[in-house]
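[1] With the input below, show me the fold.
(chains A and B)
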Amino acid sequence: MSRLLRDPRTVFGLAIVAVVAIAALFAPWLAPFDPSNPDFSAALAPPGATNLLGGDELGRDVLSRIVYGARASLLVGFLSVAGALVLGTALGLSAGYFGGAVDALVMRAMDVLFAFPGILLALGITAALGPSLTNAILAIAVVNLPVFARLARSQALVIRALDFVEAKRALGFGSLDILVRTVLPNAIAPIVVQASLLFASAIITESYLSFLGLGVQPPTPTWGNMLRNAIGFLDTASWMAWFPGIAIFVTVLGFNLLGDGLRDRLDPRA
Amino acid sequence: MTTTRRRLARIAAAAPALAALARLPGASAQTPRTLAVGIVSDPVTLDPALMASFFEILVQYNVHEPLLHLTPDLKVEPGLASVEIADPVTYRFTLKPNLKFHDGTAIDAAAAKANFDRMLDAATGSPRRGELGPVDAVEVTGPLAFTVKFKAPFAPFLQVLTNRAGMMVSPTALRSLGADFATRAVGAGPFKVASWTKNSELVLERFDGYWRSGLPSVDRVVFRPIADETVRLANLRSGTLQLIDGVPPQSVAQLGREANVSVRQQPGLGFNAFSFNTTRAPFNDARVRRAFVAAFDPDVVQRVVYFNTGAPAYGPIPPSIGWAHDRNFKPSKFDREAARRLLAEAGQSAAVPVTITVTNSPLQVRIAEILQSQANQAGFKVEIRQIDATSLITVLRNRDFDLCMSPWSGRSDPDGNMFNYFTKNGPNNFAGWQSDTVTDLLTKARSVVDLAARAKLYRAAEEAIAAEMPMLFVHFDATIQASSSRLDWTQYADGALRLQFAKLG
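    Numbering: from 1, shown residues only, chains lettered A, B, ... in the order given. I've put the predicted structure just below:
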C-alpha cells in the first residue's frame, strides 16, 4: 500500500475517487437543495450565489443534482463490475481449470457476447428489458462478463500446470477446493486491476444509457440524463452541460489513474 | 465531451450535403436554385391516400395538389377545381382546363372520380375514407365536371378537400407503379419526385406543368430528415439548410437575434394533451381525473417548457380556429386544495400511485416532470415511464397506461380535432371514454352548415368534456420554423410547407 501511494498519479486518482465516494455517501447532507424538486422561478438560472452551478431547465439545482448523480454512477459502476467480476471469474476459472467441453461451452458463449460492440449490447438489453436502474446494471454487467471470463481462464490455464497445484491434486484435494483456495488467490491480482479499469468504462456506459433515456428514470438525477437534458440548451444555458460533463470526465480520470496505479503495483506482467 | 459530440454530429449531418452538392449537374453553366429543408422525420409514404404520419405534412403539398387550396388564414380557395354547393348534400366541381399530372396524364373528371373511388374503397384501407364522411356517390357530369353527393350533410367537407383527401394522383401511374407508387408518387403538385433515399434525402424537381403559371420559382427541393433539433439548427446556421421545421421553443429568442436566419411562429392547429385511461383505476373515477387536472398549473408549462410560445390549452379547439375557439373557456383552475378535496371525496386516503407515459422527447419528458412534481404535492405518487416514439401508438391503442401523452397535429376544422378523440368509437379515443352526449353533439355538428350554429355545438361538447376530463389539455403549440434570411416563404398554421410560393433571394 505504501509503495502504491508513492506514485503521485495514483494518489491523485485515489483523491478523486474518495471525493466522488464521499459525495455519493453523504449526498443528503452535502447537497444544498433537493435534486428532484423543481423551483420553477430558478429555471435556467445562471451560476450564482443561490445555485452555485446554476439551475437546470426546471429550476433544479445543478450542483445538488451532480452530488446525487454520483450515487447512480458509483452504484451502477460498482454493482455492474462486481457482478461481472464474480460471475465472469467463476466461469473463466472453471473453463480454464477443467478444459474440454466446459471450456468450449463457456468460452463460445463468451465469444458470442464479445462479438457485439459493448454499447450496442447494453442498448439492446435495456431496450428489451425496459429502462431502469436495475436493468442498466444488468446490461453493463453482461457487457463486462466476457472480459473477466477470458482473463480468469488465461490465468487458470497457467496456474493449473504449476507444481503446487499438481501437488495438491496428488494429495487428493477436490477440484472446488483447489479452484477456490489455490487457483483463485493466485489469479486474482490482474482481475482486480481489470475491475478498477472497467469501473471507469461502466460509468461512461451508464452515462450513455441515461443520455439515451435507457438508464435511470427521471426525476432521479444521473450525469448522463443531465447531459441529455442539456443538449437543447447548449446555446442558452451551457452550464447545464459543462458541469455534469466535467463530473464524468474527472471521475473517469480518477478511476483510470487509480487503476493504472494498481496495475503497476499488482500485475506482474506490467 | 459534449462539444466533441456536437461537432461530430455536425460533421455527420453535413457529409451527405456535401455529397449532394458534388452531384449537382448545373455546376458548370446555370446553377439550379436548390432549397434544402431540414425536417424532423422522413415521410412514411408519398401516396396521399395512405398518409397517416404527421411528418408527411411538410412534404405533401409540394408533390401533390389538392382540389381546393387553404390560405394561410384558413380560407378555402379554388385549387385544381372550383366548387359550387348546390344544396347541403350536393357539391358540384369544375376542374381547370388543360391540366396534366407529372406523367402527362390529363386531370379530368374521370381521374378525379377514380381518386375518390380509390379512397372510398374499403380495400384500399385509406384513412381518407373516414375523413370524407358520408359520401354517397361521385358522378362524372362532363369532361371536367363532377358531382359529389352525400347521404347526410357533412360540413367539414371543403376543409377536408384542402388536405390529403383532396390530393389527386395520376390513375395511370397508380396502375403502372403498383406498390412502388408509395415512393415514386405521381401527382399534380408544384414539384415532382426525382429520387428518394430513405433517411437521407428526398429530392423534388420543378414541375413545368404546374397550374399556377410561373410557379414554383425554385428548381429543386431537397428534404433531409434530421431528428436532432440541435443538429438541424446548426445546419441552418451553417447554410447547409435554408429552411427547418421543429425549432425548439427555447431557441426562438436566440435565433431572433441572429442576422442571417429568421424565425417564424404562429398559433398551430393541434394540441398537446395527455389521455387518462378511464377504463381502469384510479382514473376511471372522474373525481380523480379532475383532481389531477386541478393539481396542474398550465402557466408553469407555458413559461418553463414553451418559453411563452403558443398558449395554455383547456380544450381541443385552438385559438387559430377563430370561429370556434372560445377565449374565455377556462373550465379548470390550478388549485391544489381543490385537488386534495376531490381525492378525499373519491375515497383516496393514501397518495394515489399513477404512471405517466411519455416518449423520450426532451420536451415531453420535461412536461412529465412538471406534472409529476405538481401532482405529488396534491396527493398523487407519480412515476414517469419513457418509451420510444414508435411504441407510442401501440401503448395508446392497448390502453397500457394511466396517463399517456396523445398530442394531435390538428386540422383546420374543429371536427378534425374532436370527432376522432371524443366520440365513443373514435380511433383516437385512447381514454376509452364513453359519452353519448358528446358523441351526439359531435355527430350533429358534422351535419350543420351554419358556422355559428356549429360553433355552439362544439362549445357544448367542450363543456361536457371539461365536466368529465377524459384528457388533460396542456398546450396549444405554436408552429415554429426558421429559415435563411435569403428565403422568402409563407408559413401556415399547420406547419405544412407550400414551397411553390418560396423564393430564394
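
[2] Which helix or strand contains the closest residue to chain B within chain A?
    Residue nearest to chain B within chain A (CB to the nearest CB): A:Gly213, separated by 3.7 Å. Every residue, glycine included, has its C-beta placed from N, CA and C. Under the criterion DSSP states H and E, no helix or strand holds A:Gly213.

[3] can you give me phi and psi for the closest residue to A:Asn135 other than its chain neighbours?
    Using CB to CB, 6 or more residues apart in numbering or on different chains and skipping residues adjacent in sequence, the residue nearest A:Asn135 is A:Leu129, 4.4 Å away. Dihedral angles of A:Leu129 (phi, psi; degrees, to the nearest 10) stand at phi -90, psi -10.

[4] list the buried ones in the biggest helix by length in chain A?
    In chain A, with assignment by DSSP state H, the single longest helix is helix A:62-98. Residues of helix A:62-98 classed as buried by neighbour count (16 or more other CB atoms under 10 Å in any protein chain shown): A:62-81, A:83-85, A:87-97.

[5] Show me what it is packed against.
    helix A:8-25, helix A:27-30, helix A:100-115, helix A:133-160, helix A:175-178, helix A:184-211, helix A:223-230, helix A:239-266 (3 or more CB pairs under 8 Å, 6 or more residues apart in numbering or on different chains; DSSP states H and E).

[6] let's go with 6 Å and repeat that
    Here helix A:62-98 touches helix A:8-25, helix A:27-30, helix A:100-115, helix A:133-160, helix A:184-211, helix A:223-230, helix A:239-266, going by 3 or more CB pairs under 6 Å, 6 or more residues apart in numbering or on different chains; DSSP states H and E.

[7] Any idea how far it is from the middle of the chain?
    Here helix A:62-98 is found 5 Å from its chain centre; the criterion is CA atoms, centre = their mean, to the nearest Å.

[8] Check which element follows the one helix or strand in chain B whose mean pLDDT sits lowest along the chain.
    Across the helices and strands of chain B, mean confidence by mean pLDDT, DSSP states H and E is lowest for helix B:2-23: a mean of 45. Sequence-wise, the next helix or strand downstream of helix B:2-23 (DSSP H and E) is strand B:34-39.

[9] Quick one: residues in contact with that following strand.
    B:58, B:218, B:220-226, B:232, B:235, B:241-245 (CB atoms under 6 Å, 6 or more residues apart in numbering or on different chains).

[10] Sort out which residues of it are buried, please.
    Result for strand B:34-39 [16+ other CB under 10 Å]: buried residues B:34-39.

[11] out of those, which one sits closest to B:Val135?
    Distance ranking of the buried residues of strand B:34-39 against B:Val135, using CB to CB, places B:Ile39 first at 32.2 Å.

[12] Model confidence for that closest one, exactly?
    Looking at B:Ile39, its pLDDT stands at 92.

[13] which strand residues sit across from it in the sheet?
    Counting by DSSP bridges, B:Ile39 forms beta bridges with B:Pro225.

[14] gap between it and B:Asn62?
    B:Ile39 sits at a distance of 11 Å from B:Asn62 (criterion: CB to CB, to the nearest Å).

[15] Mean confidence (pLDDT) on whatever helix or strand B:Gln60 lives in, please.
    In the assignment (DSSP H and E), B:Gln60 maps to helix B:57-63. Confidence for helix B:57-63, expressed as mean pLDDT, is 93.

[16] contacts for that helix?
    Here helix B:57-63 makes contact (CB under 6 Å, 6+ apart) with B:39, B:43, B:46, B:185, B:187, B:189, B:191, B:204, B:223, B:245, B:496-499.

[17] same question, stretch B:215-230
    A:231, B:13, B:32-39, B:41-42, B:59, B:190-191, B:199, B:201-206, B:232, B:248, B:499-500, B:502-504.

[18] any idea of the pLDDT on the closest residue to A:Arg228 other than its chain neighbours?
    Excluding its sequence neighbours, the residue lying closest to A:Arg228 (CB to CB, 6+ apart) is A:Phe211, at 4.6 Å. On the pLDDT scale, A:Phe211 is placed at 85.

[19] sorry, back to before: mind checking which of the contacts of strand B:34-39 are in helices?
    Here DSSP H is the test, and these give B:58, B:232, B:235 as lying in helices.

[20] isn't the last one right up against B:Leu241?
    So that's B:Asn235. Yes. With contact defined as CB atoms under 6 Å, B:Asn235 counts as touching B:Leu241 (4.5 Å).

[21] Which positions in the stretch 1-150 of chain A make contact with chain B?
    Residues of the stretch 1-150 of chain A lying close to chain B (CB under 6 Å from any CB of the partner chain) are A:38, A:40, A:43, A:58.

[22] among these, which two are most distant?
    A:Pro38 and A:Ala43 (7.7 Å).

[23] In contact with A:Leu79, which residues?
    A:Ile137.

[24] So B:Leu269 sits against B:Tyr492, correct?
    No. B:Leu269 lies out of contact with B:Tyr492 (CB under 6 Å); the separation is 9.0 Å.

[25] between the two, who's got more neighbours?
    Between B:Leu269 and B:Tyr492, counted using other CB atoms under 10 Å in any protein chain shown, B:Leu269 has the larger neighbour count: 26 against 21.

[26] Give me the spatial nearest neighbour of the more buried one, chain neighbours excluded.
    Nearest residue to B:Leu269, sequence neighbours excluded (CB to CB, 6+ apart): B:Gly410, at 2.9 Å.

[27] for that neighbour, what are its contacts?
    B:Gly410 makes contacts with B:268-270, B:417, as judged by CB under 6 Å, 6+ apart.

[28] swap the cut-off to 7 Å and go again
    B:268-271, B:318, B:417, B:494 (CB atoms under 7 Å, 6 or more residues apart in numbering or on different chains).

[29] just to revisit the earlier point, what's the burial count for the residue nearest to A:Arg228?
    By other CB under 10 Å, the residues close to A:Phe211 number 22.
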